[in-house]
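**Q** all I have is the shape, not the residue letters:
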């Protein structure tokens, strides 16, 4: 029996040495659970600077509101957090916003110019005072639907079209 145990130990030792087990070298892995039974491993990498315009800006916490107008149809307003993911201060951002129903139907296309300075790595709240809005045409059903639909039933797609940095460069 001790010969069998010795053979098993030798086989384990050979397997460990050939696979690098216990060698001190290790690939750093990030492990994320994807379900109760599976995990996905990815090599840990340095966070690289964002390359695309979409990666350079993060938009979150979107709030929708109606602005009642005297003698006109109400306006549609948005307020949201904008984060600068770059290492350069931003002077302004131009966004194209698509408002969609919960079913994915396009209701509104909006253009938004953010003319606030955003420090490198910083965050601002756009339209904090809720004075910036888009008019609603009462004869266009999709615009009226976007206005009347509760915010939690709407989806917003933000497309960054231009970024102007404090140093004058444009992305």
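**A** Yep, that arrived. Small disclaimer: the values here were computed from a predicted structure and weren't measured.
**Q** now do the helices in the chain.
**A** Under the criterion DSSP state H, the chain carries helices at the ranges 2-19, 53-56, 141-148.
**Q** rank those helices by pLDDT, which is bottom?
**A** Set side by side, those differ in mean pLDDT, and helix 2-19 is lowest with a mean of 51.
**Q** OK, contacts around residue 67?
**A** The neighbourhood of residue 67, defined by C-beta atoms under 8 Å, 6 or more residues apart in numbering, consists of 74-77, 130, 133. Using the backbone N, CA and C atoms, a C-beta is placed for each residue, glycine as well.
**Q** so what's it closest to, chain neighbours aside?
**A** In space, not counting the residues next to it along the chain, residue 67 is nearest to residue 75; the distance is 4.1 Å by C-beta to C-beta, 6 or more residues apart in numbering.
**Q** returning to what we had before: check the contacts of residue 67 and tell me the two furthest apart.
**A** 74 and 130 (12.7 Å; C-beta to C-beta).
**Q** if we can go back for a sec, wait, the residue nearest to residue 67 sits on residue 131?
**A** No: with contact defined as C-beta atoms under 8 Å, residue 75 and residue 131 do not form a contacting pair (10.1 Å).
**Q** can you list residues touching both of the two?
**A** Common neighbours of residue 75 and residue 131 are not found (criterion: C-beta under 8 Å, 6+ apart).
**Q** for residue 150, see how far away the residue most central in space within the chain is.
**A** Closest to where the C-alpha atoms of the chain average out (C-alpha atoms, centre = their mean) is residue 58, at 5.0 Å. Using C-beta to C-beta, to the nearest Å, residue 58 is found at 24 Å from residue 150.
**Q** the closest residue to residue 88 other than its chain neighbours bridge partners, please.
**A** The spatial neighbour of residue 88 that comes closest, neighbours along the chain excluded (C-beta to C-beta, 6+ apart), is residue 165 at 4.9 Å. Beta-bridge partners of residue 165, counted by DSSP bridges, are residue 90.
**Q** number of nearby residues for residue 165?
**A** Residue 165 is flanked by 18 other residues according to other C-beta atoms under 10 Å.
**Q** any low-confidence regions in the protein?
**A** Counting by pLDDT under 70, the ranges of the chain that qualify are 1-49.
**Q** if we go to 80?
**A** By pLDDT under 80, the weakly predicted segments of the chain are 1-51.
**Q** just the strands from it, written as ranges.
**A** Taking DSSP state E, the strands of the chain run over residues 29-33, 39-43, 57-67, 75-84, 90-101, 106-114, 123-126, 133-135, 154-165.
**Q** so which of those strands gets nearest residue 142?
**A** Of all the strands of the chain, the one in closest proximity to residue 142, counting by C-beta to C-beta, is strand 106-114 (4.4 Å).
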